[in-house]
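**Q** sequence first, then the predicted structure:
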Amino acid sequence: MADMNTSALHTVPPIALRRRITDHVMTGAAVLTVILVLVPLFAIFAYLVYRGVGSINWAFLTQTPKPVGEAGGGMANAIVGSVFILALASIIGVPLGVGAGIYLAEYGRNRLGDVIRFTADVLNGVPSIVIGIVAYSIVVLAQGHFSALAGGVALAIMMIPTITRTTEEMLLLVPQALREAAYGLGIPRWRTTLSITLRTATSGVITGIMLAFARVAGETAPLLFTTLGNQFWNLRVNEPTAALPLQIYTYALSPYDDWHRQAWAGAFVLILLIVTAVAAVRFAVRRGTFGAA
Amino acid sequence: MQAAPTLRGGSGEMGDRIFKFAMLACGLAVLAVLGLIVYELVLRSGPSWHAFGFKFFAGHDWDPVNEQFGALPFVYGTLVSSLLALLIAVPLSIGVAVFTTEMCPAALRAPLSFFVELLAAIPSVVYGLWAIFVLIPILTNYAGPFLGRTLGWSGIFTGPFYGVSMLAAGIILAIMIVPIISSITREVLMVVPQHQREAALALGATRWEMIRVGVLRNARAGIMGGIILGLGRALGETMAVTMVIGNNPQIMKSLFAPGYTMASVLANEFSEATGVVYRSALIEIGLALFLVTIVVNALARLLVWTVTRGQPSRANG
């Protein structure tokens, strides 16, 4: 063996030119793909800031929409409506998601846990428009009219799988010794889970909630036939409500220049909301309290 | 996790039982939600199913006025726009993933993947807005005429081109699924054992040969999973596509022609659909979309799991 190796080393020429060229070409190709992917990203953000910042004014942030075709007005009711719908979604989705995550992490090492885990993953892939149809069927048809609640239910359904899976992951990161120490002190299991395990994993669990929030904040499809949209202010659970993404959609497809301007302004506000949430998540994770895990 | 001490006060045990029950209820709620989705979709698509049967997905005509419903143009539009998106996005995503894991300086790695994942945080409706005002003008002024001149003979880049088209839908979908495919590919590439790379290099492989033989070949199943996950997202994507595809329920060979997808027809027509059959026909399209994405996603998860969970244990054992 040794003989063959040394003789091979002597006879094999330095890496052939063709192979070296291939290597360089493929490296170049990889760099090219990175550029091709980053160009639209920067184009979108640059254009968004360029059109968005130029389009935001006091009226946009404080007034409701003007009648069709009339210039001026704003999306104040849609911004508030979005926050309202997202709050409803969080009230429904966060406790359910965190609870399911606790079940999976603390009691879910069995067949049922596997089924729930798989179901959550499947639920994560269901198209948002389909969830809109279901929310329409169970809330709008039952109530007899479109409502903020229906939109909140749709978005909550979309938040649950993400929250469940990240909560589970974060709880599993908490060292087992911590739980055992609590049991050793005679603390009941439920107190241990809530005050020790969940407490330790708080920043991670919040990360999951924020990710779910960021994911649904810009959703439009599930709101089309649930909250429907509204030209006026509304903060009642049972009434159709304006939402920022819906308003952007309607205005983008309209033939009016002033509405196009407002669509860009709306998109800028929406992105600002989401990017702030994502940045907050990154910040929270970096200085996370469970560095020991 | 188990083995809580047996010596414990009665109140604790009661509390434990209530707590476990409450958490179990939350877990079961996840199952209930999926069950509810299936139940509602099946129940409410019934009238359409009874009226048309399997012919529903083979029919060409979508005529709400005469209550004639055939979903083939939407199925065709969904498939063609998604496959076009994959055709564009797969090479790009794998390139980005390979570059970030195997080639780029360590200092660039984190910001690069952060930027690519930022693409995933942009809402669909904003992509649509950008596509209408930036992408489509570029396509009609530059890319369209160029493709018509060079590839017009193929028959898929012919006819009048007004921007809103299958081509625009495919491109915007591609931009949207790149972050999904590349982030999963990156995850999979990172679990390929280091000794595979070292072995390839020790045999005298160049870096590209090492990546091809030692890394990509080992990660094939996982990359396939990422691609299928991207496909699942593309199939169900609604807003951006609805804004640029032209919403024309006809099957056209040319990518320059407008089309329609299953998700788009739901977005456009559901809230205005009057009549039991019309509405249930739309819900049946939703049911089909749901079933397809479930199968696609389950397949993808399985493939990714075999790599990220199976491989390290095999390497250790």
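**A** Here it is on my side, so go on. Just so you know, these numbers come straight off a predicted model, no measurement behind them.
**Q** so who does the closest residue to residue B:160 other than its chain neighbours touch?
**A** Leaving aside its sequence neighbours, residue B:160 sits nearest to residue B:256 (CB to CB, 6 or more residues apart in numbering or on different chains; 7.1 Å). Glycine gets a C-beta too; all of them are placed from N, C-alpha and C. Going by CB atoms under 8 Å, 6 or more residues apart in numbering or on different chains, residue B:256 touches B:144, B:148, B:157-161, B:165-167.
**Q** quick check: residue B:256 is in a strand.
**A** No: assigned with DSSP: H, G, I helix; E, B strand; the rest coil, residue B:256 falls outside any strand and is coil.
**Q** ok, residue A:140 touching residue A:224?
**A** No: the criterion here is CB atoms under 8 Å, and residue A:140 misses it with residue A:224 at 11.3 Å.
**Q** quick one: which of those two has more around it?
**A** Neighbours per residue (other CB atoms under 10 Å in any protein chain shown) separate residue A:140 from residue A:224, with residue A:224 holding more: 29 against 24.
**Q** and that one, what pLDDT?
**A** Here, the pLDDT recorded for residue A:224 equals 93.
**Q** repeat that for residue A:159.
**A** The model reports residue A:159 with a pLDDT of 96.
**Q** how far does the helix or strand where it lies sit from the chain's center?
**A** Using DSSP states H and E, residue A:159 sits within helix A:148-173. How far helix A:148-173 lies from its chain's middle: 10 Å, per CA atoms, centre = their mean, to the nearest Å.
**Q** next SSE downstream of it?
**A** Downstream of helix A:148-173 (by DSSP H and E), the next one is helix A:176-184.
**Q** so does that next one get close to chain B?
**A** Yes: using CB under 8 Å from any CB of the partner chain, helix A:176-184 reaches chain B at A:176, A:179, A:183-184.
**Q** hmm, back to that, for the contacts of residue B:256, which one is nearest residue A:38?
**A** Nearest to residue A:38 out of the contacts of residue B:256 is residue B:167 (CB to CB; 22.0 Å).
**Q** what's the local residue count around the closest one?
**A** Counted with other CB under 10 Å, the neighbours of residue B:167 add up to 27.
**Q** count of neighbours near residue 189?
**A** Picked chain A for this. For residue A:189, using other CB under 10 Å, the count is 25.
**Q** you looked at the wrong chain, it should be chain B
**A** 22.
**Q** chain A versus that one, what's the distance?
**A** With distances taken as CB to the nearest CB, to the nearest Å, residue B:189 is found 12 Å from chain A.
**Q** show the pLDDT at the closest residue to residue A:95 other than its chain neighbours.
**A** Spatial nearest neighbour of residue A:95, chain neighbours left out: residue B:26 (7.4 Å); criterion: CB to CB, 6+ apart. For residue B:26, the pLDDT comes out at 96.
**Q** buried stuff in the helix or strand where residue B:26 lies?
**A** Per DSSP H and E: residue B:26 is located in helix B:10-44. Neighbour-count burial for helix B:10-44, counted by 16 or more other CB atoms under 10 Å in any protein chain shown, picks out B:12, B:16, B:19-20, B:23-24, B:26-31, B:33-34, B:37, B:40-41, B:44.
**Q** now swap in stretch A:145-156 and tell me
**A** A:146-156.
**Q** what's the farthest-apart pair in these?
**A** A:146 and A:156 (16.8 Å).
**Q** do you know the pLDDT at the residue nearest to residue B:160?
**A** 93.
**Q** phi, psi of it?
**A** phi -80, psi -20 (degrees, to the nearest 10).
**Q** and it, how far from residue B:86?
**A** 20 Å (CB to CB, to the nearest Å).
**Q** got it, and residue B:121?
**A** Using CB to CB, residue B:121 is found at 22 Å from residue B:86.
**Q** try residue A:42
**A** Applying CB to CB to residue A:42 and residue B:86 gives a distance of 24 Å.
**Q** and the nearest residue to residue A:165 once chain neighbours are set aside, helix, strand or coil?
**A** Of all residues beyond its chain neighbours, the one nearest residue A:165 is residue A:120 (5.7 Å), with distances taken as CB to CB, 6+ apart. Using three-state DSSP, the structure places residue A:120 in helix.
**Q** flag the shaky bits of chain B, pLDDT-wise.
**A** For chain B, residues meeting the criterion pLDDT under 70 lie at B:1-12, B:309-317.
**Q** could you check how many residues crowd around residue B:54?
**A** Count around residue B:54 with other CB under 10 Å applied: 7.
**Q** what's the answer for residue B:105, then?
**A** Around residue B:105 there are 7 residues (other CB under 10 Å).
**Q** the one 10 residues further on now?
**A** Counted with other CB under 10 Å, the burial measure for residue B:115 works out to 16 neighbours.
**Q** neighbours around the residue of the stretch 201-317 of chain B at minimum distance from chain A, how many?
**A** Nearest residue of the stretch 201-317 of chain B to chain A (CB to the nearest CB) works out as residue B:236 at 2.6 Å. By other CB under 10 Å, the residues close to residue B:236 number 27.
**Q** who touches it in this structure?
**A** Contacts of residue B:236 by CB under 8 Å, 6+ apart are A:125-130, B:263, B:289, B:293.
**Q** same question for residue B:176.
**A** By CB under 8 Å, 6+ apart, the neighbours of residue B:176 are B:85, B:119, B:124, B:127, B:233-234, B:237, B:240.
**Q** could you list every residue that touches residue 182?
**A** I went with chain A, as the question did not name one. By CB under 8 Å, 6+ apart, the neighbours of residue A:182 are A:191-192, A:196.
**Q** that's the wrong chain, I meant chain B
**A** By CB under 8 Å, 6+ apart, the neighbours of residue B:182 are A:37, B:92-94, B:96-97, B:100, B:116, B:226.
**Q** any chance of the contacts of residue B:176 in a markdown table, with neighbour count and secondary structure too?
**A** Supplementary listing: the contacts of residue B:176 in a markdown table, determined by neighbours: other CB atoms under 10 Å in any protein chain shown; DSSP: H, G, I helix; E, B strand; the rest coil:
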| residue | neighbour count | secondary structure |
| --- | --- | --- |
| B:85 | 27 | helix |
| B:119 | 22 | helix |
| B:124 | 23 | helix |
| B:127 | 26 | helix |
| B:233 | 24 | helix |
| B:234 | 28 | helix |
| B:237 | 28 | coil |
| B:240 | 28 | helix |
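**Q** SS state for residue B:151?
**A** helix.
**Q** what do you get for residue B:253?
**A** coil.
**Q** that one contacts residue B:155, correct?
**A** Yes: using CB under 8 Å, residue B:253 is in contact with residue B:155, at 5.9 Å.
**Q** which residues do the two both contact?
**A** Common neighbours of residue B:253 and residue B:155 (CB under 8 Å, 6+ apart) do not exist.
**Q** list the contacts for the nearest residue to residue A:140 once chain neighbours are set aside?
**A** Once flanking residues are discounted, residue A:140 sits nearest to residue A:150: 4.9 Å by CB to CB, 6+ apart. By CB under 8 Å, 6+ apart, the residues touching residue A:150 are A:135-136, A:139-140, A:143, A:226-227.
**Q** repeat that for residue A:152.
**A** For residue A:152, the contact set (CB under 8 Å, 6+ apart) comprises A:85, A:87-89, A:91-92, A:237.
**Q** need those residues in CSV (columns: distance to residue B:197).
**A** What follows is the contacts of residue A:152, written out as CSV (distance: CB to CB, whole Å):
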residue, distance to residue B:197
A:85, 49
A:87, 49
A:88, 50
A:89, 45
A:91, 49
A:92, 47
A:237, 57
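**Q** derive a ChimeraX selection command for the buried subset of those residues.
**A** Per 16+ other CB under 10 Å, the buried members of the contacts of residue A:152 correspond to this ChimeraX selection:
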select /A:85,88,89,92
